[in-house]
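Engineer: kindly return the folded structure for what I paste below:
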Amino acid sequence: MSVGKFLGGFAIGAAIGAIAGILLAPKSGKETREIIGNMAEDMAKKTDETVQDIKRKADNLISDAQEKSEEIMGKLQDMLNKNKNEEA
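Structural biologist: Numbering: from 1, shown residues only. As a prediction, the model looks like this:
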């Protein structure tokens, strides 16, 4: 099982548990709706932050991979040029 699937399942389980706890707590309907609304807002905010963090990390990985590939291509081109010069 991947870490991403585990964390996703954990987050969903935690949300379900929290909602069940709120619904079963002895509070008025208005208070319960406010709590659930606040929790939904918090979850949406945290999800957005996580998505943005993942995007930043992915962009950094792609940038690093591009730099490495350019470096490797440069070294290969140097080696090819060197071999051509030695054969001539």
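Engineer: wait, Ala25 touches Thr32, no?
Structural biologist: Yes. With contacts defined as Cβ atoms under 8 Å, Ala25 counts as touching Thr32 at a distance of 7.4 Å. Just so you know, the C-beta spots here come from the backbone N, C-alpha and C atoms, and that holds for glycine as well.
Engineer: how close does the residue nearest in space to the middle of the chain sit to Met43?
Structural biologist: With distances taken as Cα atoms, centre = their mean, Ile54 lies nearest the centre of the chain, 3.0 Å away. As defined by Cβ to Cβ, to the nearest Å, Ile54 lies at a distance of 16 Å from Met43.
Engineer: packing partners for the lengthiest helix in the chain?
Structural biologist: Taking DSSP state H as the assignment, the helix of the chain that covers the most residues is helix 29-87. Helices and strands in packing contact with helix 29-87 are listed as helix 3-24; criterion 3 or more Cβ pairs under 8 Å, 6 or more residues apart in numbering; DSSP states H and E.
Engineer: what angle do the longest helix of the chain and helix 3-24 make?
Structural biologist: Between helix 29-87 and helix 3-24, the angle formed by their directions is 170 degrees, by axes from the mean of the first three to the mean of the last three Cα atoms, to 10 degrees.
Engineer: put the alpha carbons of the lowest-mean-pLDDT helix or strand in the chain into CSV.
Structural biologist: The least trusted helix or strand in the chain, going by mean pLDDT, DSSP states H and E, turns out to be helix 3-24, with a mean of 77. Extracted in CSV, the C-alpha atoms of helix 3-24 (Å, rounded to 0.1, in the frame of the first residue of the first chain):
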residue,chain,number,x,y,z
VAL,A,3,1.8,6.1,1.6
GLY,A,4,-0.5,8.4,-0.3
LYS,A,5,-3.4,5.9,-0.1
PHE,A,6,-2.7,5.3,3.6
LEU,A,7,-2.8,9.1,4.4
GLY,A,8,-5.9,9.6,2.2
GLY,A,9,-7.7,6.8,4.1
PHE,A,10,-6.5,8.1,7.4
ALA,A,11,-7.8,11.6,6.6
ILE,A,12,-11.2,10.3,5.5
GLY,A,13,-11.5,8.1,8.6
ALA,A,14,-10.6,11.0,10.8
ALA,A,15,-13.1,13.2,9.2
ILE,A,16,-15.9,10.6,9.4
GLY,A,17,-15.0,10.0,13.1
ALA,A,18,-15.1,13.7,13.9
ILE,A,19,-18.4,14.2,12.1
ALA,A,20,-19.9,11.2,13.9
GLY,A,21,-18.7,12.6,17.2
ILE,A,22,-20.2,16.0,16.5
LEU,A,23,-23.5,14.6,15.4
LEU,A,24,-23.8,12.4,18.5
